[in-house]
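J.: Quick one: sequence plus predicted model below, questions after.
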Amino acid sequence: MKRYWKVGLLSLIAFLTIGWFYVEKAVARMKAPEYNIETLSGDDKAIEGLDLKAGIVRNDEVLSNVGISKEGSLFDHDLPYFEQREGLFNVDSSLQKLYKEHKSFLRGKTFSPNQYFENDNMYVYVDKNRQEKNKESTQLDISVLEKASGKELEYKVSLPLKDTSFFWIANVQVVGKQLAVSASSSTSNSKTEEWNIFYLDLTKQETDSNDKAALKDLGIDVPAQAAVYFSPVTNFEIKQSNDLEVLEVHITQQGEENEEGSVTEEELTQTHYIVYDYGAKAFSVLSLPKELKERGAEHLSVAEKSLYLPMLTGQQLTLYHTVSASSGWTSKTIQLPKEVTIDMKKAGYDTTIKEDKLYLISTVEDQDTDIFVAVIDLHTDKVIYTGKVNTTSEKTSKQEETALHLYDINVE
């Protein structure tokens, strides 16, 4: 009898917990403002599938997160209980779909989109084997879900990396009949990272080859006591195969021990950009346009085999373009509406490219600025759409104290 009493009590607690969650959700929804993207010019078909992720901030505290599209807004607290618990709000839309349709495949896996690949036939997930104790190699666990049959396949492949203490997967994609895994790693006795592109044969469960970013061979001098760190400039989507991968290389001078025995901070001494071409299977150095050398490649985007770098000056957007690291940059100037560029210059802007369209979006809405959206057709170099994030609710005094901070741009 006691056993049934305990089961009943636990069931009641679970019921009350979930019930209270939905009460809080309803209250939060009643208090929350509504947002949408208001069209200023052009056809709103240009922003079909555009989803802006932003945080509602007051006094440096994020109150909630919201996704904004032309249809309206979706808050993080709008998601069902278990999807909120899994943290699905900021997850790639393809992973959200995978979660809803194949939860068993995602069991025990992270939601990092850089560890997934998707095409018409399958989903692929790659992670480092955390249980493997062999210091002579690094083992990857690879899961494949066949879309047609729903069959799940598991593979293990060893990489030629010894004594790896740090290993981070940046990108996964299928190249020909091989699975390509781009990753940064370092050993336990070194702070310096190395970057490799591994080509895996899943049938044989082995590494076919790997291309290492050898900086010396690229003409980049690394002092003996310096440390090297890599970070990808280009963002990856799980549905996208990338012909080019751009990396930012930071070379730092390691901290020195002073008289008090403490170690000074590392000092950044050099920054370089390198490109990996998946077609040529080779790295090369990328030189930025001279106008952007001080700004860096913050807004760089990859579209098929092209690199694009936008720079906003006044009402003009200068769009730099190149098809390889060695071919040099060309540039075109695109005139933007004044009302759009004023707030972009004040608050900053972010960009992304999808299906031959460049999305240029300002990043902050507060008492002084609005979030504007401009869409540019890369074939015609014309502005085909402008819009503004608008709230459909009357602001209360508390809402007027808040700001909207854009942190991600998604295009379906």
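T.: Nice, I can see it.

J.: what residue ranges in this protein score low on pLDDT?
T.: Under the criterion pLDDT under 70, the flagged ranges of the chain are 1-32, 82, 132-136, 235-236, 240, 255-266, 392-400.

J.: can I see the domain layout of it?
T.: 1-31, 33-88+293-412, 93-236+244-277 (automatic domain parsing).

J.: want to throw those into JSON lines with distance to residue 284?
T.: The C-beta positions use only the backbone N, C-alpha and C, and glycine is treated the same way. Shown next, in JSON lines, are those (distance: least, CB to CB, whole Å):
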{"stretch": "domain 1-31", "distance to residue 284": "51"}
{"stretch": "domain 33-88+293-412", "distance to residue 284": "4"}
{"stretch": "domain 93-236+244-277", "distance to residue 284": "5"}
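
J.: Residue 157 contacts residue 139, doesn't it?
T.: Yes - the pair residue 157 and residue 139 passes the contact test of CB atoms under 8 Å, sitting 7.1 Å apart.

J.: who are the neighbours in contact with residue 332?
T.: 318-319, 321, 381 (CB atoms under 8 Å, 6 or more residues apart in numbering).

J.: Secondary structure element holding it?
T.: strand 330-335 (DSSP states H and E).

J.: the helices in the stretch 251-400 of the chain, which residues?
T.: Here the stretch 251-400 of the chain has its helices, by DSSP state H, counting those that start in this stretch, at 338-347, 397-400.

J.: Out of the contacts of residue 332, name the ones that lie in strands.
T.: Using DSSP state E, the subset of those located in strands is 318-319, 321.

J.: Out of those, flag the one nearest to residue 190.
T.: Nearest to residue 190 among the ones in strands among the contacts of residue 332: residue 321, at 37.9 Å, using CB to CB.

J.: So what sits opposite that closest one in the bridge?
T.: Beta bridges link residue 321 to residue 308, residue 330, judged by DSSP bridges.

J.: winner for burial among the helices of the stretch 251-400 of the chain?
T.: helix 338-347 (a mean of 18; mean count of other CB atoms under 10 Å).

J.: name the helices or strands packed onto that one?
T.: In terms of contacts (3 or more CB pairs under 8 Å, 6 or more residues apart in numbering; DSSP states H and E), helix 338-347 is packed against strand 306-313, strand 357-362, strand 372-377.

J.: May I have the strand holding residue 332 as CSV, with CA atoms only?
T.: Taking Å, rounded to 0.1, in the frame of the first residue of the first chain, the C-alpha atoms of strand 330-335 are listed here in CSV:
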residue,chain,number,x,y,z
THR,A,330,36.2,43.0,-56.7
SER,A,331,33.7,45.5,-55.2
LYS,A,332,30.3,47.0,-56.0
THR,A,333,28.6,49.9,-54.3
ILE,A,334,24.9,49.5,-53.4
GLN,A,335,22.8,52.5,-52.3
